[in-house]
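Q: predicted model follows, preceded by the sequence.
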Amino acid sequence: MASWLAVVGPTASGKSALALELARAAGDVELVSADAMQVYRGMDIGTAKPSVAERAEVPHHLIDINEPSEDFSLARFVELGRAAIADIEHRGRRALVVGGTGLYVRGLVDELEVPGQFPDVRAVLEADPDTEGLHRRLAELDPLAGSRMEPTNRRRVVRALEVTLGADRPFSSFGPGLDAYPPVPTRLIGLQVPLDELDARIAARVDAMLEAGFLDEVRAIGGGLSRTARQALGYRELLEHLEQGVPLGAAVDQIVLRTRRFARRQLRWFRRDPRIRWLDGTLSTPQLARFAVD
């Protein structure tokens, strides 16, 4: 893949603003969203989607491509993302990947071979409560995959075993894993903000979302969210307020807390990648744009 640039970082670090600034300045750039929740139609305010005006000014891809009642997978994202980037480049333009979903970014930047899903196999595995027993089985079938994960990490063990059995090939054969960071043609720019300021930005963003009608948006969508859509920050908490009577203030506090924790996980994920060039996210967007293209 020969995308021009990828802009990454935690939520509320200013990624979208920088990406838009770069696209406007370049004139031949289209944005490819690497956000696991902006794929869902109708989930606009709570996922901080770019505005209608911004999307009219600069083409955006991989936004509003899935119903919130339907699951969405990494494999599907990578498939659609590669197609979008190929189309952009075929038209003589450049793709700028922007987003904070680390696995989605890696899927595009590193051209990961993503294993398929095997729900029948997974259902059988999920019915077995013995996680360490499942790990022993994985270690027999795929010793390399077994050595890469803790025997108690049920999510990873079940997924690796699901693929090994369902695809009839070792899970580890799908690539070197996420611990490898090979050279890529894509330049990666990361935005970092001191945690106290990031926390303040997150609280202000949640307040702004509520003022913009976030609660009404959740009310309109209702409780029919898919398993993957329900992971979106804020939606579950506001549904608990609407459906279970949780006080709004308590729900909002939980949204802020959960978002701050999520931002820290994002930072840990991206900081493991030595290919990312980090910029000071407290700088103005025009300043960041100048540094990003140096």
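A: Looks like it came in fine.
Q: now the helices for the protein?
A: Along the chain, counting by DSSP state H, helices occupy 15-26, 52-57, 74-90, 102-109, 119-126, 131-141, 143-147, 154-167, 195-211, 214-221, 235-244, 248-271, 285-293.
Q: check contacts around residue 81.
A: 32, 34, 61, 62, 97, 104, 107, 108 (C-beta atoms under 8 Å, 6 or more residues apart in numbering). Where you see a C-beta, it was placed from the backbone N, CA and C, and this is true even at glycine.
Q: tabulate those residues in JSON lines, adding columns for neighbour count and distance to residue 46.
A: Putting these into JSON lines (neighbours: other C-beta atoms under 10 Å; distance: C-beta to C-beta, whole Å) gives the following:
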{"residue": "32", "neighbour count": "26", "distance to residue 46": "21"}
{"residue": "34", "neighbour count": "26", "distance to residue 46": "18"}
{"residue": "61", "neighbour count": "18", "distance to residue 46": "20"}
{"residue": "62", "neighbour count": "23", "distance to residue 46": "17"}
{"residue": "97", "neighbour count": "27", "distance to residue 46": "22"}
{"residue": "104", "neighbour count": "23", "distance to residue 46": "18"}
{"residue": "107", "neighbour count": "21", "distance to residue 46": "23"}
{"residue": "108", "neighbour count": "25", "distance to residue 46": "24"}
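Q: any idea how far residue 143 is from residue 160?
A: Note on residue 143: its distance to residue 160, by C-beta to C-beta, to the nearest Å, is 12 Å.
Q: sorry, back to before: which one of the contacts of residue 81 is nearest residue 169?
A: Residue 169 lies nearest to residue 107 out of the contacts of residue 81, by C-beta to C-beta, at 19.2 Å.
Q: next one: that closest one from residue 272, what distance?
A: In terms of C-beta to C-beta, residue 107 sits 16 Å off from residue 272.
Q: try residue 74
A: 18 Å.
Q: how far off centre is stretch 43-52?
A: In terms of C-alpha atoms, centre = their mean, to the nearest Å, the centre of stretch 43-52 is found 15 Å from the chain centre.
Q: what's the burial count for the residue lying closest to residue 266 once chain neighbours are set aside?
A: Excluding its sequence neighbours, the residue lying closest to residue 266 (C-beta to C-beta, 6 or more residues apart in numbering) is residue 10, at 4.1 Å. Look at residue 10: counted by other C-beta atoms under 10 Å, it has 28 neighbours.
Q: would you check that residue 10 makes contact with residue 263?
A: Yes: using C-beta atoms under 8 Å, residue 10 makes contact with residue 263 at a distance of 3.9 Å.
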